[in-house]
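Novice: Provide a 3D model corresponding to the input given below.
(chains A and B)
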Amino acid sequence: MYSFLAAEAEKVDSFSLLPAMIAVPALTAVVIALLPKSRADYLKLAALVGSTIAGAMSFYMLIKFQVNGDFQFVTKQDWVPDLGLSLFFAVDGISLFLVVLTGLLFPIAILTTEPHHDPKPYYVWLMLLMAGSLGAFMALDLLLFFLFFEVVLVPMYFLIGGWGHGNRVYAAMKFFLYTMAASALMLVGIIGLAFASADATRADGTRLGITFDVVELAENHTLGTTASTIIFLTFALAFAVKVPLFPFHTWLPDAHTEAPTAGSVILAGVMLKLGTYGMLRFGLYLFPTVVRDLAPIFLTLGVVGILYGAAVATMQKDLKRLVAYSSVAHMGFIVLGIFALNSQGLEGAVLQMVNHGISTGALFILVGWIYERRHTREIAALGGLQKSAPKMAAVFTIVMLSSLGLPGLNGFVGEFLILLGAFSSAQWWAVLAAFGVILAALYLLWAYQRSFHGPASGDNATMADLKLSELLGIAPLIILIVFLGIYPQPVLDRISPAVDRLIEHVDSRVDDYEEQEPVPTDRTGADGLVAVAEKIHAEAKDGHSEDEDHSDEESQGDGGTESAEAESTERSAAEISEEDSE
Amino acid sequence: MLAQTTSESAGIVPSVDWALLAPLVILAVGGILLITISSIFPRLRFGGFPAGFTILTAVIAGGSLTRVWNDVSENGPAWVVANALGIDFYTLFVWGTICLAVFFCAAFLDGYLRREAFDGPEWYVLLLMSASGGMILAASQDLILTFVGLEILSIAVYVLAGLHLRRSDSQEAAFKYFILGALSSALFLYGIALVYGATGTTLLPGVAVVRTDNPAGLNPLEDSSMILVGMALLMIGFGFKVSAAPFHFWTPDVYEGAPSPIVAFMASGVKVAGFAGMIRVFWQGFGFYVADWKPIVSVLAIASLIVGSLLALAQTNVKRMLAYSSITHAGFMLVAVHGVPYEGGFRTTAEESLGAQALLFYFLAYTLMVAGTFGVASIVSGNGDAATSLDDYRGLAKTSPVLAGLMAIFLFAQAGIPFTVGFWAKFRVIVSAVQTESYILAGIAMLAAVVAAVLYLRIVVSMFLTDSVPAVALAVDDDDLPEANEEVQAERAEVGTLGPIVIPRAGLAAVVIAAVATIVFGLLPGLGSGVLSDAADALIALRISS
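Specialist: Below is the predicted model of the structure:
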């Protein structure tokens, strides 16, 4: 798999698309910082132009993307050779659409929302956030990913803290510290992984050395089960908080609710995906066996997230908080799809990441518009908006139906694939998760009913409808919602080769692992070893194969628990002694 | 590595290769010249001359470093002054960092002294003297000379801490610093005596050789108690200097009271020199006893990380907060010290020196970050150096966006945010800890960094996300609420109305340089990696050569 990378790297000409795509918003940020503060319209225009160029580049990439599972647009350059760091950017079917989603959501978020004050730093932070998010989805060097993963906290921190509502400073602090604390140990894990793998030998016999190259680390694994598990857990914690997975989600409602609209859109649409993307790219790709062993835990947390998020969303009085909790539920679905560990599940998960970005992004934009007009997000204070703002009601309906997974709209395709995948590998979890779909319909329809139906009174009766510019701003998202719902095939065509390759990688690693693992380790003690040796000897003597024993080990799944081994060795010892007595 | 001196034949005074000592000599002679010139021409005591002269001295000393570097790279490392000073890449790297610290401190002092209306060649002279002491400490291979260097370094700083004559806080700080510093010096000296007793020499290469013909007549292989106690006392002495917990108690008080530009030097130059001396003594002299002192270092590291990060949470004074953060940084550097003695033996040589590289990189990174932070603090502290509470930073982003932005860069760098030099410093330390398989240490360091981030964020919140007191007054005026207005007035009275912040040009230039370096090293972490690895290899070689 690595040879094609080398070949690709040679083909890269002087202009490399991916670093340029990161550089455009970063440079835009510098330009905006140099513009005079007084010209607020120029600031917005500059931000819009910068993000649109980056977005256009991502679409160009999408068009040029070849339908296969390879990493494409590879740029690889040494950065700090002493430490094994490289500037390694590439996209495959898994990251492709996340990059495009980032390129799409930023211009829309900038177009459809306005900062209340200080537009200059606001756009600087947004542009830096865009550069960081793009970098995180493109980086294939573990440390480079970590850099982007962590650096996006700073702009988001300032966006929430500076332009948010209500308890914004508290929300910003909570968001920053929660995420930073969770990823602190991940850095140790990353370095530990690089050093523990340094003595691995490649297929051609050379020593791996210290490297953070994800492809190299995945292809040349040397770690034992315990070390892999510990390192994976450090990764998993960082991603679980980012997703957020059920017990680690408490930062999300605060951050989402207090953030300015653009911040909420990006947070939900792009930044949460860093967690699920990280689980796929770095969790599953680097630690397939551990993921396979620990999958039930994550499936459970995912299902709990789905049901809990939905239940709590139902009870929310604040429309934005409701959307925030619906994110917890939707991200639970994505986690369910990932840990289903089959191609439908993974495809669904990747697709659902994009869908969730589109529909939740649109929901946040709509809630932001309502708040701008009505200065409240309290559902009880709204009502009858359908009469005063029919266009907004229509848009809201489409977005809401997409979010609850109505067939024919994009949300359905992703959720269906996830449930299909989960049903074939983790049946009961899938059954429970399916209730989440019903609950989603409950809380979304109920919220819609309370805020848009009924008699309009007071300010609700006079609320302004959507302007043409606003309609045009949100139109791309609506078009995508419908398009992806009716004809998702082109997207799935690009996702599935990469997913299949990942599944293949996981299967081959899991096979290796199962071949290795039943060999008794020193845990069974010397007696066990002797017994097994005698058994093998006996087998060789009378050609008697112990089918029963093998199937027993397989049914244990991991085949590595102490008791299972001890039991099997004990029994074989007993059988041998029986044979001897015969 | 051969001793170049032929002291015996030259009589009582050893012949000295002055060219190799150029940076050290330039700083010391610069200090003497400065005080001489300004006493002959009293007019030069005021204005920009002393600062300009000091900066020039630091720059020339730094420039002469490149010549010495070339000399060492051609002829190999040298032991000069009767083997008492080791001139190698490691020494030169530390010297360069000290020159940098002098540069920053002098630039900050300029505006500070004008604002506070002090005329001051003394400040600069003491600064240069202290720096030359630090250089001796970093290069010394003789425990006696180490002590001399330590004392030159410290005594000058004791005086500097108390030089703000109108602030009683400053006097108090100097007094506390002196008392505790004297105690630690006494312990240090006792440690030297014990080491001499156990080994019969104070020369580190001699100490390193385990011999039985020592004055105490002990066989170190059977009874090493004497040298171990000596080592422990030396460790305490260094622990005081680098403000490692549990020897940190002076730090918050002294940092709070001492003049802010001086704190910039104390936190950067003094600490770097202290660590440089520590690793030199323990690695070069007590390399045989690594197994004995490494656990102590790890305990000190854990204590510093926990104490520094947790106690910072309770502070409301920015300088005190930064004092605790410097304790946390000391913890990080101790983790790097812990990683220097790497004896895995299965890695390539480039990988072997990663621990030493971590420490040296931290020296440089920390100097940039902490000097910049205290540089901004000394500008913001206003007339009388009094505005150092968290409230004084409220709304700084509105009143002075440049200063707030620069401060934010340094604070995020200290928190270890990616694409700043602080991240790479943290990263390299974790690399060194992981390499020696000290995963617990690495984990504690990372968690302490998160807790420490709270304190940096609190300052950022104060600067960016909280309205300044005048701005609050305006907002309330809009709402026509007289009683709230009174509240605001009371608040203003409580906080103390400060004059507009005057930004001195030299100070701002130095802060900008530090900020640019912070970002450039953050984006290009490989910058100067050749120099770094040469210096790290030289540090590693110190033990092997003995």
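Novice: longest helix in the chain, by residue count?
Specialist: Answering for chain A, as no chain was given. Ranked by residue count, the top helix of chain A under DSSP state H comes out as helix A:343-374.
Novice: switch to chain B, that's the one I care about
Specialist: Every helix in chain B considered (DSSP H), the longest is helix B:168-199.
Novice: elements contacting the helix or strand just after it?
Specialist: Of the helices and strands lying after helix B:168-199 in sequence (DSSP states H and E), the nearest is helix B:204-208. Identification of packing neighbours for helix B:204-208 by 3 or more Cβ pairs under 8 Å, 6 or more residues apart in numbering or on different chains; DSSP states H and E yields helix B:168-199. To be clear about C-beta, it is placed using only N, CA and C from the backbone, and glycine gets the same treatment.
Novice: dump the residue contacts of residue 20.
Specialist: Chain wasn't specified; assuming chain A. A:Ala20 is in contact with A:Met57, counting by Cβ atoms under 8 Å, 6 or more residues apart in numbering or on different chains.
Novice: meant chain B actually
Specialist: B:Val68, B:Asp71, B:Val72, B:Ala78, B:Val80, B:Ile87 are the contacts of B:Leu20 under Cβ under 8 Å, 6+ apart.
Novice: what sits closest to it if chain neighbours are left out?
Specialist: With sequence-adjacent residues excluded and distances taken as Cβ to Cβ, 6 or more residues apart in numbering or on different chains, B:Leu20 is closest to B:Ile87, at 4.7 Å.
Novice: pairing partners for the one you found in the sheet, please.
Specialist: Taking DSSP bridges as the rule, B:Ile87 bridges to B:Ala78.
Novice: my guess is it contacts B:Ala78. True?
Specialist: Yes: with contact defined as Cβ atoms under 8 Å, B:Ile87 reaches B:Ala78; the gap is 4.8 Å.
Novice: what touches both of these two?
Specialist: Between them, B:Ile87 and B:Ala78 have B:Leu20, B:Val72 as joint contacts when contacts are counted by Cβ under 8 Å, 6+ apart.
Novice: between these two, who's got more neighbours?
Specialist: Between B:Ile87 and B:Ala78, counting by other Cβ atoms under 10 Å in any protein chain shown, B:Ile87 is the more crowded of the two (26 against 23).
Novice: residues contacting the more buried one?
Specialist: Residues touching B:Ile87, when contacts are defined by Cβ under 8 Å, 6+ apart, comprise B:Leu20, B:Leu21, B:Val68, B:Val72, B:Pro77, B:Ala78, B:Trp79, B:Val80, B:Ala139.
Novice: distance between the ends of stretch B:38-50?
Specialist: Stretch B:38-50 has an end-to-end distance of 8 Å (criterion: Cα to Cα, to the nearest Å).
Novice: for chain B, give me the ranges with low pLDDT.
Specialist: Residue ranges of chain B with pLDDT under 70: B:1-14, B:212-218, B:220-221, B:342-351, B:468-500, B:544-546.
Novice: flag every residue of it that's near chain A.
Specialist: Taking Cβ under 8 Å from any Cβ of the partner chain as the contact definition, chain B meets chain A at B:346-348, B:350-351, B:354, B:357, B:412, B:417-419, B:423, B:426-428, B:430-431, B:434-435, B:439, B:442-443, B:446-447, B:449-450, B:453-454, B:457, B:461, B:464-466, B:525-526, B:529, B:533.
Novice: what packs against the longest helix of chain A?
Specialist: Taking 3+ Cβ pairs under 8 Å, 6+ apart as contact, the helices and strands that helix A:343-374 lies on are helix A:93-112, helix A:261-266, helix A:272-278, helix A:319-340, helix A:390-403, helix A:410-425, helix A:468-486, helix A:489-516.
Novice: does chain B have contacts with the third one?
Specialist: Read it as helix A:272-278. No: in this structure, helix A:272-278 remains apart from chain B according to Cβ under 8 Å from any Cβ; the gap is never smaller than 13.8 Å.
Novice: for the stretch 351-500 of chain A, which residue gets nearest to chain B?
Specialist: For the stretch 351-500 of chain A, the nearest residue to chain B under the criterion Cβ to the nearest Cβ is A:His375, separated by 16.3 Å.
Novice: may I see the buried residues of stretch B:364-372?
Specialist: Residues of stretch B:364-372 classed as buried: B:Leu364, B:Ala365, B:Tyr366, B:Thr367, B:Leu368, B:Met369, B:Val370, B:Ala371, B:Gly372 (neighbour count, 16 or more other Cβ atoms under 10 Å in any protein chain shown).
Novice: ditto for stretch A:445-461
Specialist: In stretch A:445-461, the ones that count as buried by 16+ other Cβ under 10 Å are A:Ala447, A:Tyr448, A:Arg450, A:Ser451, A:Phe452, A:Ala456, A:Asn460.
Novice: so how far is chain B from A:Asp70?
Specialist: Between A:Asp70 and chain B the computed distance is 28 Å (Cβ to the nearest Cβ, to the nearest Å).
Novice: torsion angles phi and psi at that residue?
Specialist: Per-residue torsions, A:Asp70: phi -80, psi 160 (degrees, to the nearest 10).
Novice: what is the burial count for it?
Specialist: Other residues within reach of A:Asp70, judged by other Cβ under 10 Å, total 17.
Novice: what of A:Ala29?
Specialist: Neighbour number of A:Ala29 under other Cβ under 10 Å is 23.
Novice: looking at the buried residues of stretch B:364-372, which are in helices?
Specialist: Short answer: those in helices (DSSP H) are B:Leu364, B:Ala365, B:Tyr366, B:Thr367, B:Leu368, B:Met369, B:Val370, B:Ala371, B:Gly372.
Novice: surely the fifth one touches B:Thr518?
Specialist: Think B:Leu368. Yes: with contacts defined as Cβ under 8 Å, B:Leu368 counts as touching B:Thr518 at a distance of 5.4 Å.
Novice: need the overlap of contacts for the two.
Specialist: Jointly contacting B:Leu368 and B:Thr518 under the rule Cβ under 8 Å, 6+ apart are B:Ala413, B:Val421.
Novice: lowest confidence element among the helices and strands of chain A?
Specialist: Every helix and strand of chain A was ranked by mean pLDDT, DSSP states H and E. The lowest is helix A:547-555, at a mean of 43.
Novice: average pLDDT across the longest helix of chain A?
Specialist: Across helix A:343-374, the average pLDDT comes to 91.
Novice: which secondary structure elements does the helix or strand just after that helix contact?
Specialist: As assigned by DSSP H and E, the chain's next helix or strand after helix A:343-374 is helix A:385-388. Judged by 3+ Cβ pairs under 8 Å, 6+ apart, the packing partners of helix A:385-388 are helix A:390-403, helix A:427-452.
Novice: pick the most deeply packed of those helices.
Specialist: Ranked by mean neighbour count under mean count of other Cβ atoms under 10 Å in any protein chain shown, the helices and strands packed on helix A:385-388 are led by helix A:390-403, which reaches a mean of 21.
Novice: other residues contacting that helix?
Specialist: Counting contacts by Cβ under 8 Å, 6+ apart, the residues touching helix A:390-403 from outside are A:326, A:330, A:355, A:358-360, A:362-363, A:366, A:369-370, A:385-386, A:409-411, A:440, A:444-445, A:448, A:452, A:465-466, A:471, A:474, A:477-478, A:481-482, A:485.
Novice: same check, this time on stretch B:239-247
Specialist: Taking Cβ under 8 Å, 6+ apart as the criterion, the residues outside stretch B:239-247 that touch it are B:150, B:153-154, B:180-181, B:183-184, B:236, B:238, B:250-251, B:270-271, B:273-275, B:277-278, B:300-301, B:303-304, B:306-308, B:323, B:326-327, B:330-331, B:333-334.
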